[in-house]
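Visitor: sequence plus the predicted model coming up.
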Amino acid sequence: GTAQIGVTGLAVMGRNLARNFARNGLTVAVHNRTYGRTESLVEEFGGEGAFIAAKSAEEFVASLERPRRLVVMVQAGAATDAVIEEFVPLLEPGDVIIDGGNAHFADTRRRESELRKHWIHFVGVGISGGEEGALRGPSIMPGGPAESYKSLGPLLERIAAKAPDGTPCVSHVGPDGAGHFVKMVHNGIEYADMQLIAEAYHLLRDVAGYSPAKIAETFRGWNAGRLDSYLMEITAEVLAHTDAATGKPFVDVVADRAEQKGTGRWTVQTALDLGVPVSGIAEAVFARSLSGHPALRETAAHLPGPGAEPLDEAAAARFAERVEQALYASKIVSYTQGFHQIRAGGEAYGWKVDLAAVAALWRAGCIIRAAFLDRIRSAYAARPNLVSLLADPGFADEIGAAQGGWRDVVAEAARRGVPTPGFSAALAYYDALRAPRLPAALTQGQRDYFGAHTYRRTDREGSFHTLWGGDRTEVAG
Ligand code: NBP
């Protein structure tokens with residue numbers, strides 16, 4: 001075969017990825033369960049580069065140069081397993097199967113270990129950037145055996161987004177499921193970023209009394225500063241948009257029930273298993289769930305809340321500045337939590353994930369792309385063993401400078417009855433980490449009382465139990 005890469009599964013993602021490879025000078029074999037999709041891809045876009053249209057799995061495999069590299073872009077789950085099962089008998093040791101779908105990292109670990117028995121490299125790849133990214137340059141997070149990256153990496157570097165300094169947004173993240181794990185956390189952080197921006201909007205609307213158009217303008221201003229990001233930019237676009245049918249702001253005619261496809265939920269489920277506090281991401285997932293419970297919301301709609309005096313123009317402008325501080329500080333917390341989860345996942349699964357490299361490959365192509373990520377990259381590059389982003393002197397200074405405004409915003413939101421689960425959870429995380437003593441000591445006392453779970457002391461080694469039901473003397477636990 002002569003094709004350097006193959007793509008099977010030619011729905012929107014696979015088709016765009018295949019075109020991206022071809023536009024970058026690679027010969028691409030293309031295949032799909034239903035041949036019609038293959039045919040239409042070559043008919044419509046055949047002029048963009050060198051495609052080899054394969055009618056069958058056998059033809060597809062035969063058209064690939066060795067070691068064969070085939071990208072699977074089918075629906076995550078059972079379809080991916082079916083495709084792997086179909087191809088394995090046709091492949092040889094050293095061939096590489098690349099799963100570019102949104103697989104759960106645990107499935108990727110399972111598939112990798114099964115295929116290793118056949119000496120086939122299985123590379124689970126997180127791909128972010130949606131349809132547009134797949135075509136013009138996504139952020140690519142490959143896992144799998146390090147060896148596979150030698151032949152695959154140069155091809156992925158051609159199609160990946162390029163960071164502002166020209167570096168391709170792809171690097172080998174770690175073995176087996178590491179790539180899909182990192183993609184999962186990316187999506188969790190994306191949920192948090194979106195929720196925080198939504199809270200900023202809600203506050204500017206209901207506390208500052210700004211119109212959607214005025215908030216769009218405010219967000220554009222913020223987007224020119226430290227909050228510069230793709231999500232900030234598109235939020236301003238959405239807010240500035242007017243519904244053609246009614247002439248109302250678009251945001252006012254959209255039903256306020258947020259949906260989700262599941263990667264945010266996976267992030268939180270995994271964080272619970274790993275014991276990593278990702279409260280900001282969890283609140284973002286819960287905020288979407290809450291919005292989707294109309295019956296709960298209806299029955300609560302008449303419950304009392306505070307009365308609210310609107311702010312005058314000058315006070316509203318001062319408030320808006322503090323909302324920017326709250327948003328920025330909460331964003332630092334979300335990324336702190338997300339990177340903690342990646343570090344913890346690496347430790348639990350034996351991956352050596354380079355956190356600076358992860359931040360680097362999120363600088364372009366993906367949904368959370370932002371100037372901010374280059375700062376995170378330098379923080380981890382300067383101190384690879386940084387325990388937490390909050391331990392970076394630069395971020396510590398910034399969050400410290402923002403904390404006054406952040407507190408005012410959370411307090412004002414509570415006073416006025418505007419829910420800010422993201423801002424509030426982030427502030428609670430910040431304050432809990434800062435606290436010289438936590439009430440966890442009392443929790444341990446309670447646990448020892450009802451369950452003899454024992455506790456440690458601040459002044460002596462060992463574990464202890466108090467005879468709560470008896471004379472309350474302390475014994476060794
Ligand atoms: P879909 O997730 O809609 O999957 C459709 C493709 O899967 C078609 O090519 C279909 O073939 C194929 N397929 C199915 Br369904 N069952 C199959 C089976 N048993 N055997 C062989 N092929 C089968 O496509 P997509 O939206 O392009 O997404 C592809 C992957 O990329 C997914 O895992 C998705 O989660 C992930 N992803 C999507 C985005 C995005 O923005 N959409 C972003 C990042 C990642 P057919 O044509 O014969 O029905």
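Guide: In hand now; what should we look at?
Visitor: contacts, neighbours, all on C-alpha from now
Guide: Will do.
Visitor: may I see the buried residues of stretch 449-459?
Guide: Buried residues in stretch 449-459, counted by 16 or more other C-alpha atoms under 10 Å: 449, 452, 453, 454, 455.
Visitor: which ones are touching the last one?
Guide: So the one you mean is residue 455. 444, 445, 448, 463, 464, 465, 477 (C-alpha atoms under 8 Å, 6 or more residues apart in numbering).
Visitor: do you know how far residue 212 is from the ligand?
Guide: 27 Å (C-alpha to the nearest ligand atom, to the nearest Å).
Visitor: and that residue, how many neighbours?
Guide: Residue 212: 23 surrounding residues under other C-alpha atoms under 10 Å.
Visitor: quick check: it touching residue 205?
Guide: Yes: using C-alpha atoms under 8 Å, residue 212 is in contact with residue 205, at 7.3 Å.
Visitor: any idea which of the contacts of residue 455 is least confident?
Guide: In this model, the minimum pLDDT among these belongs to residue 477 (89).
Visitor: look up phi and psi at the residue nearest to it when sequence neighbours are not counted.
Guide: Nearest residue to residue 477 in three dimensions, chain neighbours excluded: residue 464, at 4.0 Å (C-alpha to C-alpha, 6 or more residues apart in numbering). Phi and psi for residue 464, reported as degrees, to the nearest 10, are phi -130, psi 160.
Visitor: residue contacts, residue 464?
Guide: 454, 455, 456, 457, 474, 475, 476, 477.
Visitor: please tabulate those residues in TSV, including the columns distance to residue 288 and secondary structure.
Guide: As requested, these are exported to TSV (distance: C-alpha to C-alpha, whole Å; DSSP: H, G, I helix; E, B strand; the rest coil):
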residue	distance to residue 288	secondary structure
454	39	coil
455	38	strand
456	39	strand
457	41	coil
474	47	strand
475	48	strand
476	47	strand
477	44	coil
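Visitor: and residue 124, how far from residue 132?
Guide: 21 Å (C-alpha to C-alpha, to the nearest Å).
Visitor: give me the more crowded residue out of these two.
Guide: Neighbours were tallied for residue 124 and for residue 132 using other C-alpha under 10 Å; the higher tally belongs to residue 124 (34 against 15).
Visitor: one step back: just the contacts of residue 455: which are in helices?
Guide: Counting by DSSP state H, those place 444, 445, 448 in helices.
Visitor: so how do I select the buried members of those in PyMOL?
Guide: Buried members of the ones in helices among the contacts of residue 455, defined by 16+ other C-alpha under 10 Å, are picked up in PyMOL with:
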select buried, resi 445+448
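Visitor: need the ones in helices among the contacts of residue 455 in CSV with distance to the ligand, can you?
Guide: CSV is the format used below for the ones in helices among the contacts of residue 455 (distance: C-alpha to the nearest ligand atom, whole Å):
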residue, distance to the ligand
444, 43
445, 46
448, 46
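Visitor: phi first, then psi, for the closest residue to the ligand within the stretch 151-300 of the chain.
Guide: Ranking the residues of the stretch 151-300 of the chain by distance to the ligand (C-alpha to the nearest ligand atom) places residue 261 first, at 8.9 Å. As for residue 261, its main-chain torsions (degrees, to the nearest 10) stand at phi -100, psi -10.
Visitor: for residue 161, same thing?
Guide: The phi/psi pair for residue 161 (degrees, to the nearest 10) is phi -60, psi 160.
Visitor: what does residue 7 give?
Guide: phi -130, psi 120.
Visitor: ok, now residue 70?
Guide: According to degrees, to the nearest 10, residue 70 has phi -120, psi 130.
Visitor: who's in contact with it?
Guide: Taking C-alpha under 8 Å, 6+ apart as the definition, contacts of residue 70 comprise 5, 6, 7, 8, 96, 97, 98.
Visitor: can you check residue 132 too?
Guide: residue 16.
Visitor: pull up the residues of the stretch 301-450 of the chain that are close to the ligand.
Guide: Contact residues, the stretch 301-450 of the chain versus the ligand (C-alpha under 6 Å from any ligand atom): none.
Visitor: taking the stretch 301-450 of the chain, what residue is nearest to the ligand?
Guide: Closest point on the stretch 301-450 of the chain to the ligand, by C-alpha to the nearest ligand atom, is residue 366, at 9.7 Å.
Visitor: before we move on, the earlier item: between the ones in helices among the contacts of residue 455, which sits nearest residue 69?
Guide: residue 444 (54.1 Å; C-alpha to C-alpha).
Visitor: tell me where the stretch 301-450 of the chain has helices.
Guide: With DSSP state H, counting those that start in this stretch as the criterion, the stretch 301-450 of the chain has helices at 313-349, 355-361, 372-382, 393-416, 421-434, 440-451.
Visitor: hey, which of those helices is tucked in deepest?
Guide: Most buried of the helices of the stretch 301-450 of the chain, by mean neighbour count (mean count of other C-alpha atoms under 10 Å): helix 355-361, with a mean of 24.
Visitor: who touches that one?
Guide: 139-141, 163, 168-171, 173, 182, 339, 342-343, 373-374, 376-381, 384.
Visitor: I'd like the average pLDDT over it.
Guide: What helix 355-361 shows for mean pLDDT is 98.
Visitor: what about dumping the CA coordinates of that helix to PDB?
Guide: In PDB, the C-alpha atoms belonging to helix 355-361 read as follows (Å, rounded to 0.1, in the frame of the first residue of the first chain):
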ATOM      1  CA  LEU A 355       1.900  19.000  32.800                       C
ATOM      2  CA  ALA A 356       3.800  21.800  31.000                       C
ATOM      3  CA  ALA A 357       3.300  19.800  27.800                       C
ATOM      4  CA  VAL A 358      -0.400  19.300  28.400                       C
ATOM      5  CA  ALA A 359      -0.800  23.100  29.000                       C
ATOM      6  CA  ALA A 360       1.200  23.700  25.800                       C
ATOM      7  CA  LEU A 361      -1.000  21.500  23.600                       C
END
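Visitor: which elements pack onto the longest strand belonging to the chain?
Guide: Ordering each strand of the chain by length in residues (DSSP state E) puts strand 121-128 first. Contacts defined by 3 or more C-alpha pairs under 8 Å, 6 or more residues apart in numbering; DSSP states H and E place strand 121-128 against strand 96-99, helix 105-116, strand 139-142, helix 178-206.
Visitor: what distance separates that strand from the centre of its chain?
Guide: Put simply, strand 121-128 sits 15 Å off its chain's centre (C-alpha atoms, centre = their mean, to the nearest Å).
Visitor: contact partners of it?
Guide: For strand 121-128, the surrounding residues in contact (C-alpha under 8 Å, 6+ apart) are 94-103, 105, 108, 111-112, 115-116, 134, 138-145, 148, 176-184, 365-367.
Visitor: same check on stretch 150-160?
Guide: With contacts defined as C-alpha under 8 Å, 6+ apart, stretch 150-160 is touched by 20-21, 24, 69, 136-140, 168-172, 365.
Visitor: one more time with 7 Å, if that's ok
Guide: Residues outside stretch 150-160 that contact it (C-alpha atoms under 7 Å, 6 or more residues apart in numbering): 20, 21, 24, 137, 138, 139, 140, 168, 169, 170.
Visitor: same check, this time on stretch 98-106
Guide: By C-alpha under 7 Å, 6+ apart, stretch 98-106 touches 70-77, 122-127, 177, 180-181.
Visitor: buried ones among the residues you listed?
Guide: 70-74, 76, 122-127, 177, 180-181.
Visitor: quick revisit: among the contacts of residue 464, which has the minimum pLDDT value?
Guide: residue 477 (89).
Visitor: you'd agree that residue is up against residue 456?
Guide: No: the criterion here is C-alpha atoms under 7 Å, and residue 477 misses it with residue 456 at 9.0 Å.
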